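Asks: Could you work out the structure for the sequence below:
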Amino acid sequence: MPSKNTICLWYDGTALDAAQFYAETFADSAVGAVHRAPADYPSGRQGDVLTVEFTVMGIPCLGLNGGPAFKHSEAFSFQVLTDDQAETDRLWNALIDHGGQASACGWCRDKWGLSWQITPRVLMAAIADPDRAAARRAFEAMMQMTKIDIAAIEAARRG
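Replies: Now for the predicted structure:
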């Protein structure tokens, strides 16, 4: 049975490409049903891919090929918690090297403009440290980073 709540992501004709990339890149991700337009519509023709059902890390999504009217923004992002630097690097590099763009503090965009936070669990623990001075040092270190460097976060946390 389909999920009652699904994230709908708007694409300009590239929903299937995006879904396939996410399925190849992220664990517990897959492409499901591909639905073609039963008639012409403002940004496509009968038979074009209209929607794609897919999951990203177990989260149900629907890619809608709605045309160029709307763009993704940082107001929505996927936050991916990573367990180590190797996983952080692999996911970050997959997004950036496939036409994406680096931002700040572990944020980046994929080639379709969707925002991602590649966030090591160590960082989350560091900025929530009950030792507020340690948390501040880790936070200030993070603020200087593009991709998160776990060793640098741990060093800053220790002082």
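
Asks: tell me the domain boundaries of the protein?
Replies: The chain is divided into the following domains under automatic domain parsing: 1-70, 71-159.

Asks: so can I have CSV of these showing mean neighbour count?
Replies: For glycine as for every other residue, the C-beta is placed from the backbone atoms N, C-alpha and C. Written out in CSV, the entries for the domains of the chain read as follows (neighbours: other CB atoms under 10 Å):
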stretch, mean neighbour count
domain 1-70, 16
domain 71-159, 16
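
Asks: Turn the ones you listed into CSV, columns for mean pLDDT.
Replies: Written out in CSV, the entries for those read as follows (pLDDT from 0 to 100):
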stretch, mean pLDDT
domain 1-70, 96
domain 71-159, 98
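
Asks: Which secondary structure state does the residue most central in space within the chain sit in?
Replies: Within the chain, one residue has its C-alpha closest to the average C-alpha position: by CA atoms, centre = their mean, that is Trp116, at 3.2 Å. On the three-state scheme (DSSP: H, G, I helix; E, B strand; the rest coil), Trp116 is labelled strand.
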